[in-house]
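[1] Sequence unavailable; structure follows:
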């Protein structure tokens with residue numbers, strides 16, 4: 001599963017790859033819980049066991065998606 005976090009006032013995103021066996025519903029609940037405290041910190045653990053922390057006050061958005069999902073960029077004609 002991939003988690004993409006947009007950080008306020010920066011053009012880059014933080015992308016965290018977590019294990020495929022990670023429960024997506026639990027991750028979403030943990031993210032919602034962290035976002036409920038504006039002074040809190042969102043902690044995530046990646047595939048290699050590294051801990052990543054992001055101040056909740058700096059988070060613009062969080063995107064959770066299955067691993068390997070195509071990321072579409074560009075314009076198309078309908």
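    Structure's in. What do you need? Everything quoted here is computed from the prediction, not taken from an experiment. Residues are numbered from 1 along each chain as shown.
[2] Now for the spatially closest residue to residue 15 that is not a sequence neighbour, how many residues are close by?
    Residue nearest to residue 15 in three dimensions, not counting chain neighbours: residue 4, with 5.1 Å by Cβ to Cβ, 6 or more residues apart in numbering. For the C-beta atoms, the positions are set from N, CA and C on the backbone; glycine is no exception. Residue 4 has 14 neighbouring residues, counting by other Cβ atoms under 10 Å.
[3] quick one: secondary structure of residue 4?
    strand (DSSP: H, G, I helix; E, B strand; the rest coil).
[4] roughly how far apart are it and residue 52?
    12 Å (Cβ to Cβ, to the nearest Å).
[5] hey, what's in contact with both of the two?
    14, 16 (Cβ atoms under 8 Å, 6 or more residues apart in numbering).
[6] For residue 35, which non-adjacent residue is closest in space?
    residue 56 (5.8 Å).
[7] so the one you found makes contact with residue 32?
    No: using Cβ atoms under 8 Å, residue 56 makes no contact with residue 32, being 11.1 Å away.
[8] Residue 47 should be in a helix, yeah?
    No: read with three-state DSSP, residue 47 is coil and lies in no helix.
[9] Could you report the neighbour count for it?
    For residue 47, using other Cβ under 10 Å, the count is 13.
[10] Could I get the contacting residues of it?
    17-19.
[11] Most neighbours of all those residues, which one?
    residue 18 leads these on contacts (other Cβ under 10 Å) with 18 neighbours.
[12] Near the residue nearest to that one when sequence neighbours are not counted, how many residues? Count them for me, please.
    Spatial nearest neighbour of residue 18, chain neighbours left out: residue 1 (5.1 Å); criterion: Cβ to Cβ, 6+ apart. Residue 1 has 19 neighbouring residues, counting by other Cβ under 10 Å.
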